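> sequence and computational prediction follow.
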Amino acid sequence: MATTRKSRGRQRVKLAKMEKESNLQVTFSKHPSCVFKKASDLCTLCGVETAIIVFSPGNKVYSFVDRFLTRNPLPNGGSLRLLEAHRNANIHELNMQLTQIVNELEAEKKRGEFLEKIKKASQAQCCWAS
């Protein structure tokens, strides 16, 4: 009796950007560790220095700096420059978020002032109508 395969085995997936936002986030959450593992493998096998900064679909930052840099610093402070660039990227993102929140706060304050003027104007009209 011959055995038959129930599945076609592992198939190659066509690479194309996903359309649905929810699928992007789910797929991304499953794969950053794979990317970082490959970078770590490259460092170990080839002795290269790697650093990866990834921005997720949810605007979160993930980073990988190989431990090789801390064991074998680059000449002229190269590893320090790399770590500083990583730190600056985080600071830049936080500054952008802060600026956006401050702008939203200012807009809400102006909206509140406008609503307060309308409220006072409507109260003044009601008093004169009595």
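Arrived safely, thanks for sending.

> how near is M18 to M96?
Remark: distance between M18 and M96 (C-beta to C-beta, to the nearest Å) = 25 Å. For every residue, glycine as well, the C-beta is placed using N, CA and C.

> give me the helices and strands touching the longest helix belonging to the chain, please.
Longest helix of the chain, by residue count under DSSP state H: helix 78-129. In terms of contacts (3 or more C-beta pairs under 8 Å, 6 or more residues apart in numbering; DSSP states H and E), helix 78-129 is packed against strand 51-55, strand 61-65, helix 68-71.

> next, count neighbours for F64.
19 (other C-beta atoms under 10 Å).

> K38: what's it in contact with?
K38 makes contact with no residue, according to C-beta atoms under 8 Å, 6 or more residues apart in numbering.

> what's the helix or strand for it?
helix 32-46 (DSSP states H and E).

> what's the spacing between A39 and T50?
A39 is 4 Å from T50, where distance means C-beta to C-beta.

> scratch that, F36
F36 is 9 Å from T50, by C-beta to C-beta.

> mutual contacts of the two, please.
F64.

> which one, of the helices and strands packed on helix 78-129, ends up nearest to L45?
helix 68-71 (11.3 Å; C-beta to C-beta).

> pLDDT on stretch 43-56, on average?
Averaging pLDDT along stretch 43-56 gives 77.

> before we move on, back to that, and among the helices and strands packed on helix 78-129, the most buried is which?
Of the helices and strands packed on helix 78-129, the one with the most neighbours on average (mean count of other C-beta atoms under 10 Å) is strand 61-65, at a mean of 16.

> for it, name the packing helices and strands.
Packed next to strand 61-65, using 3+ C-beta pairs under 8 Å, 6+ apart, are helix 32-46, strand 51-55, helix 78-129.

> so for it, mean pLDDT?
Strand 61-65 carries an average pLDDT of 72.

> what comes into contact with it?
Contacts of strand 61-65 (C-beta under 8 Å, 6+ apart): 32, 35-36, 39-40, 50-56, 82-83, 86, 89-90, 93.
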